[in-house]
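J.: generate coordinates for the sequence data below:
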Amino acid sequence: MCGIVGFVGKQSAAPILLKGLQQLEYRGYDSAGIAVMDDDGIRVEKVSGRIARLCEKTENGAAVPGIIGIGHTRWATHGAPTDINAHPHLSNDGRFAIVHNGIIENYLALREELIADGYVFRSETDTETIVHLLEKYYDGDIKTAVMKTAARLEGSYALGILCADAPDTLYAVDRSGRAYEKRYLSRRW
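T.: Numbering: from 1, shown residues only. Model (predicted):
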């Protein structure tokens with residue numbers, strides 16, 4: 001089982017994300033990670049093993065500033081339980097971070113297409129194809145990039161997405177392709 005948490009607010013996100021991940025520990029997992037937006041962009045911290053390692057690595061979140069973020073616990077389905085395969089994943093340009101629950105059934109074909117387009121893969125996961133599709137389709141309109149990406153995915157999934165160009169917004173998509181955004185004030189697309 002995997003778990004996704006997200007936070008948008010005025011408090012430091014990382015400690016809240018870590019607490020949320022700790023509440024998901026009962027579900028079982030082999031790695032965990034967080035992505036937090038700060039003034040310099042998106043910072044990702046992830047580890048294989050227990051959330052306690054992530055807490056130690058991030059000084060219980062104090063070493064990861066920012067007030068918006070996403071977190072994930074992973075149970076390996078594609079790729080071994082390693083730091084590199086842990087979520088979140090970053091796009092090649094560092095503009096997008098993503099967490100994903102589910103399975104993308106057509107990820108091998110998407111991966112081949114993206115490699116042919118010049119995208120570099122660092123992990124063995126199906127999730128990394130999603131973040132590179134976001135980068136591929138992004139032309140300044142996040143909603144369009146998210147919707148085009150979701151239209152290409154086959155399988156069952158839920159996504160949490162950060163974009164460095166929208167530092168106050170967390171995006172979420174479920175397998176139906178419905179997209180949501182959460183800012184300081186809530187609204188639905």
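
J.: where does the prediction get shaky in this structure?
T.: Counting by pLDDT under 70, the chain has low-confidence residues at 1, 76, 176-189.

J.: can you show me the helices along this protein?
T.: For the chain, the helices defined by DSSP state H occupy 13-23, 51-57, 107-116, 127-137, 142-152.

J.: and those as JSON lines, adding distance to residue 165 and mean neighbour count?
T.: Glycine gets a C-beta too; all of them are placed from N, C-alpha and C. Listed next are the helices of the chain as JSON lines, based on distance: least, CB to CB, whole Å; neighbours: other CB atoms under 10 Å:
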{"stretch": "helix 13-23", "distance to residue 165": "18", "mean neighbour count": "21"}
{"stretch": "helix 51-57", "distance to residue 165": "27", "mean neighbour count": "18"}
{"stretch": "helix 107-116", "distance to residue 165": "21", "mean neighbour count": "15"}
{"stretch": "helix 127-137", "distance to residue 165": "11", "mean neighbour count": "25"}
{"stretch": "helix 142-152", "distance to residue 165": "7", "mean neighbour count": "18"}
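
J.: so for residue 80, which of those sits nearest?
T.: Taking CB to CB, helix 127-137 is the member of the helices of the chain nearest to residue 80, at 14.0 Å.

J.: just to revisit the earlier point, and the helices of the chain: which comes nearest residue 72?
T.: Of all the helices of the chain, helix 13-23 sits nearest to residue 72, with 7.7 Å by CB to CB.

J.: dump the helices of the chain to JSON lines, plus distance to residue 159.
T.: Below are the helices of the chain laid out as JSON lines (distance: least, CB to CB, whole Å):
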{"stretch": "helix 13-23", "distance to residue 159": "16"}
{"stretch": "helix 51-57", "distance to residue 159": "21"}
{"stretch": "helix 107-116", "distance to residue 159": "13"}
{"stretch": "helix 127-137", "distance to residue 159": "7"}
{"stretch": "helix 142-152", "distance to residue 159": "8"}
